[in-house]
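Novice: Next comes the sequence, and after it the predicted model I'd like to discuss.
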Amino acid sequence: MSLASFAKHDSYKDSGVGWIGDVPEHWEMRANKHLFQLEKRTVGKRSSEFDLLSLTLRGLIKRDMENPEGKFPAEFDTYQEVLPGDFVFCLFDVEETPRTVGLSSFAGMITGAYTVYRPLGGSDPKFLYYFYLNADTDKKMRGLYKGLRNTIPKDAFATFKTPLPPLREQGAIASFLDDKCKKIDEAVRIKEAQIALLRERRQILIQEAVTRGLNPDAPMKDSGIDWFGQIPAHWKTLNFRYLIDTLTDFTANGSFADLAKNVTYLDIPDYSRLIRLTDLRRSMTNKGVFLSKASHFFLKKSELFGGELLMANVGAYAGFSCVMPKTEYPASLGPNMLLMRLKCEASVDYITLLLNSPAYWGYLRTAAQSSAQPKLNKENVRAIPIVLPPKDEQDTITAYLKCEYERFDAAIALKQDQITALKEYKTSLINAAVTGKIKVT
């Protein structure tokens with residue numbers, strides 16, 4: 001994918017705007033006050049007559065009032081009317097807002113904090129939308145910001161000059177980008193579906209290996225677990241308590257009041273790191289929370305050396321298990337996790353794969369829902385029924401799955417790289433088309 005295959009215009013001129021650069025000689029630089037008319041039509045007491053709209057990364061969408069998500073005001077009197085063909089701009093907090101421009105296909109209402117413009121004649125609204133979508137990418141209009149909230153004043157927006165081809169050429173560019181973006185988006189959708197399928201196949205592979213073993217001809221027997229089914233005849237079933245040597249948590253050394261008095265969190269490295277679930281899920285790449293030597297000593301019973309089995313026991317990830325990696329620095333268990341050291345007959349890597357398999361994930365989620373907030377207590381964990389092959393077979397299964405994981409991860413990474421390349425090409429193509437760097441006829 002390259003823009004080099006597209007033709008260029010015969011001659012260019014300076015646009016006067018640094019991030020736009022040169023534009024075709026026959027294009028006009030026209031101030032926005034000649035392109036847009038500011039609208040301010042508040043709905044007042046008529047809000048029940050309008051659909052509620054939201055500005056999202058997918059553009060302007062209708063909110064589902066039957067199944068509402070997020071916060072809503074007590075009344076919508078100050079909301080403003082939006083008609084099909086109107087532009088909605090978020091001209092404040094521009095740097096922090098994921099999408100600051102939308103072209104409405106609907107009649108509805110939107111918060112009065114946004115700015116609604118009606119395009120004037122002589123311009124193609126879809127071309128203008130692509131131009132300001134491009135401007136929103138990487139926040140190219142930051143030169144217009146004022147104040148701490150990165151606000152683009154309406155008068156500054158009104159005097160900003162948009163590069164404008166002749167009307168027919170605007171339409172050609174908009175149609176060209178509609179076609180190309182549709183094809184790119186479909187290619188991205190297909191690759192995302194392929195990634196989902198790869199992840200599903202990986203989970204099925206893990207499920208089969210940790211619940212049936214690697215020998216398809218092995219004699220089978222009933223596991224004795226009603227939700228599990230059959231297992232190889234030489235495997236055994238036992239409660240997790242018989243495989244756990246140590247089971248502790250963040251509060252093992254005292255009450256939460258004791259923790260508050262004795263543990264101080266630091267945002268810069270000191271003596272040790274507090275290991276939280278978010279650290280493990282991000283492979284220890286995030287900023288982290290640190291402890292002083294005194295705080296680390298207070299949490300001595302939950303000190304981590306690497307190789308421990310950690311399980312989230314509260315919230316949406318209750319039941320998620322992982323192995324603590326070995327680190328070159330002292331570490332302590334953080335809140336909302338359980339720490340387990342296993343007896344020698346159990347492989348921590350195998351048990352982690354087993355607990356994260358679809359069958360066990362369903363069981364653990366059910367067990368966690370026994371309280372208002374999803375939570376697994378120590379007794380829940382001790383009572384987990386475990387299907388256990390001999391130790392050498394656990395190691396063989398783990399090694400096999402490690403190789404398969406690497407194969408699936410490589411395939412997924414390749415698809416993700418292709419998606420990134422497609423999205424970057426789409427961004428470059430829009431930029432080149434709306435600033436005249438390529439010729440569209």
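Specialist: Perfect, thanks for sending it. Residues are numbered from 1 along each chain as shown.
Novice: Where does pLDDT dip in the stretch 151-300 of the chain?
Specialist: Residue ranges of the stretch 151-300 of the chain with pLDDT under 70: 251-268, 282-286.
Novice: Let me see the ranges of the helices in it.
Specialist: 154-159, 167-212, 256-262, 277-281, 293-298 (DSSP state H, counting those that start in this stretch).
Novice: can you check the stretch 1-150 of the chain too?
Specialist: Remark: helices assigned in the stretch 1-150 of the chain by DSSP H, counting those that start in this stretch are 125-136.
Novice: what does the stretch 301-441 of the chain give?
Specialist: For the stretch 301-441 of the chain, the helices defined by DSSP H, counting those that start in this stretch cover 348-355, 358-368, 378-382, 391-434.
Novice: got the angle between the second one and helix 348-355?
Specialist: Read that as helix 358-368. For helix 358-368 against helix 348-355, the angle by axes from the mean of the first three to the mean of the last three C-alpha atoms, to 10 degrees is 70 degrees.
Novice: go on, the last one?
Specialist: Computed by the same axes, to 10 degrees, the angle separating helix 391-434 from helix 348-355 equals 70 degrees.
Novice: May I see the helices of the stretch 151-300 of the chain organised as JSON lines, with mean neighbour count and distance to residue 348 added?
Specialist: Backbone N, C-alpha and C define where each C-beta goes, glycine included. JSON lines is the format used below for those (neighbours: other C-beta atoms under 10 Å; distance: least, C-beta to C-beta, whole Å):
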{"stretch": "helix 154-159", "mean neighbour count": "14", "distance to residue 348": "59"}
{"stretch": "helix 167-212", "mean neighbour count": "15", "distance to residue 348": "13"}
{"stretch": "helix 256-262", "mean neighbour count": "12", "distance to residue 348": "27"}
{"stretch": "helix 277-281", "mean neighbour count": "17", "distance to residue 348": "14"}
{"stretch": "helix 293-298", "mean neighbour count": "16", "distance to residue 348": "23"}
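Novice: Mind putting the ones you listed into CSV with distance to residue 431?
Specialist: Converted to CSV, the helices of the stretch 151-300 of the chain look like this (distance: least, C-beta to C-beta, whole Å):
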stretch, distance to residue 431
helix 154-159, 20
helix 167-212, 11
helix 256-262, 52
helix 277-281, 35
helix 293-298, 50
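Novice: Ranked by average pLDDT, which of the helices of the stretch 301-441 of the chain falls at the bottom?
Specialist: Note on those: helix 358-368 shows the lowest mean pLDDT, a mean of 87.
Novice: Which residues does that one contact?
Specialist: 203-204, 207, 211, 227-228, 313, 318-319, 354-355, 374-376, 380, 384 (C-beta atoms under 8 Å, 6 or more residues apart in numbering).
Novice: I'd like to know which of the helices of the stretch 151-300 of the chain is closest to residue 135.
Specialist: Ranking the helices of the stretch 151-300 of the chain by proximity to residue 135 (C-beta to C-beta) places helix 154-159 first, at 10.8 Å.
Novice: To what extent is residue 387 buried, counted in neighbours?
Specialist: Using other C-beta atoms under 10 Å, residue 387 is surrounded by 23 other residues.
Novice: Is the residue lying closest to it once chain neighbours are set aside bridged to anything, and to what?
Specialist: Counting by C-beta to C-beta, 6 or more residues apart in numbering, residue 387 lies nearest to residue 231, which is 5.0 Å off, once chain neighbours are set aside. Assessed by DSSP bridges, residue 231 has beta-bridge partners residue 221.
Novice: wait, doesn't residue 231 sit right on residue 223?
Specialist: Yes: contact criterion C-beta atoms under 8 Å: residue 231 and residue 223 qualify, at 4.6 Å.
Novice: Now list whatever residues contact both of the two.
Specialist: Going by C-beta under 8 Å, 6+ apart, residues that sit against residue 231 and also against residue 223 are 237, 387.
Novice: So the two - more neighbours on which side?
Specialist: residue 231 (22 against 18).
Novice: Which strand residues bridge residue 42?
Specialist: With DSSP bridges as the rule, residue 42 is bridged to residue 80.
Novice: quick one, what contacts it?
Specialist: Contact analysis of residue 42 by C-beta under 8 Å, 6+ apart lists 77-81, 112.
Novice: who wins for neighbours among the residues you listed?
Specialist: Neighbours here mean other C-beta under 10 Å. Within these, the largest count is held by residue 79, at 24 neighbours.
Novice: On the pLDDT front, check that residue for me.
Specialist: 94.
Novice: Disregarding residues adjacent in the polypeptide, which is nearest to it?
Specialist: Using C-beta to C-beta, 6+ apart and skipping the chain neighbours, the partner closest in space to residue 79 is residue 109 (4.3 Å).
Novice: Which pLDDT value goes with the one you found?
Specialist: On the pLDDT scale, residue 109 gets 95.
Novice: What is the end-to-end distance of stretch 141-151?
Specialist: 10 Å (C-alpha to C-alpha, to the nearest Å).
Novice: So which bits of that stretch are buried?
Specialist: By 16 or more other C-beta atoms under 10 Å, the buried positions in stretch 141-151 come out as 141, 144-145, 150-151.
Novice: Repeat that for stretch 229-249.
Specialist: Neighbour counts over stretch 229-249 (16+ other C-beta under 10 Å) mark 231-232, 235, 240, 243-244, 247-249 as buried.
Novice: where exactly do the strands run in the stretch 1-150 of the chain?
Specialist: All strands of the stretch 1-150 of the chain, identified by DSSP state E, counting those that start in this stretch, fall at 12-14, 22-24, 28-31, 36-39, 53-56, 59-62, 80-82, 87-89, 101-103, 108-110, 115-119.
Novice: Okay then, goodbye and thanks.
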